[in-house]
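Q: quick one, structure for this:
(one chain, ligands or ions: 2)
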Amino acid sequence: MLNIVIFGAPGSGKGTQSDFIVKKYGLVHLSTGDILRAEIAKGSEIGKMADSLISKGNFIPDDLMINILNANIDLYPTAKGFIFDGFPRTLTQAEALDSMLKKRNIKISLMLNIDVQTNELVKRLLERGKTSGRSDDNLQTIHQRLQVYEAKTLPVIQFYDRQGKSNRINGTGTMEEVFAEICKAIDSVK
Ligand code: AP5
Ligand code: MG
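A: Ligands and ions are numbered 1, 2, ... in the order given. Sure thing, here's the model as predicted:
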């Protein structure tokens, strides 16, 4: 089984590259941001709670997020593997993911750390905000998302470094160039 954590700051290209990976490697894409936005669209209790946190650029509490991810893994019992996009975002989530997978006798094969400079991230998200309809694609929320990323999510890189699984990917080329680098990293562990 091939299980990938796709990691990077807001706007680094996690969703874009996940789509390419799904097409080539046939994995199941679990994006916690997409799952939460679907809950908001449904108007569920989780959605109501997530709505204001997301639009302000803050995180959903770890325990809730961990339960949501756990339930979503169970929806795909025959998956060839997963791409985890937007999870883990904290050290607590990283530890929880390892134990969730251990219970199922599977593990993370590699982590892709898509690296893009802050000014480029802001530019991409503002551009996307013109048409995305996402409540978090505005300048004030983008700044908060980047701050929360630095404070809570960056330490997750060391978590995967310690396991020898993290791969830095230069995220500033064209989408195809970034994908070529990602394929090299994936193929080296397959
Ligand atoms: P989430 O949906 O995960 O958002 P994010 O991490 O902020 O990242 P984005 O989806 O904005 O960017 P991306 O890296 O996917 O880039 P994309 O491919 O779209 O989370 C949203 C919120 O949900 C969080 O803030 C939090 O509130 C909550 N949440 C989610 N998970 C959580 C968790 N685990 N715990 C707690 N809370 C959680 O690309 C961006 C743009 O750039 C696009 O327009 C794209 O076309 C363009 N682009 C992509 N690649 C390139 C390239 N190579 N060159 C030029 N442009 C490019
Ligand atoms: Mg995304």
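
Q: assign Asp136 to helix, strand or coil.
A: coil (DSSP: H, G, I helix; E, B strand; the rest coil).

Q: for it, grab the count of nearby residues.
A: A count of nearby residues for Asp136, using other Cβ atoms under 10 Å, gives 21. All C-beta spots, glycine's among them, are computed from the backbone N, C-alpha and C.

Q: quick one: mean pLDDT for the helix or strand hosting Ala96?
A: Per DSSP states H and E, Ala96 falls inside helix 91-103. The average pLDDT within helix 91-103 is 98.

Q: do the same with stretch 163-172
A: On average, stretch 163-172 scores 98.

Q: ok so, going back, just give me how far the helix holding Ala96 sits from the chain centre.
A: Relative to the chain's own centre, helix 91-103 is displaced by 15 Å; criterion: Cα atoms, centre = their mean, to the nearest Å.

Q: buried residues in the helix or strand just after it, which are they?
A: Next along the chain after helix 91-103, taking DSSP H and E as the criterion, comes strand 110-115. Buried residues in strand 110-115, counted by 16 or more other Cβ atoms under 10 Å: Leu110, Met111, Leu112, Asn113, Ile114.

Q: identify the residues contacting Val22.
A: Residues near Val22 by Cβ atoms under 8 Å, 6 or more residues apart in numbering: Val28, His29, Ile83.

Q: kindly identify which of the buried residues of strand 110-115 also come near ligand 1.
A: By Cβ under 6 Å from any ligand atom, no member of the buried residues of strand 110-115 lies near ligand 1.

Q: surely Gly15 meets Asp85?
A: Yes. The criterion here is Cβ atoms under 8 Å, and Gly15 meets it with Asp85 at 6.4 Å.

Q: now do the shared contacts for those two.
A: Common neighbours of Gly15 and Asp85 (Cβ under 8 Å, 6+ apart) are Ser31, Gly33, Asp34.

Q: could you pull out the helices in this protein for me?
A: Along the chain, the segments classed as helices by DSSP state H run 14-25, 32-42, 45-56, 62-73, 91-103, 118-132, 139-148, 155-162, 175-189.
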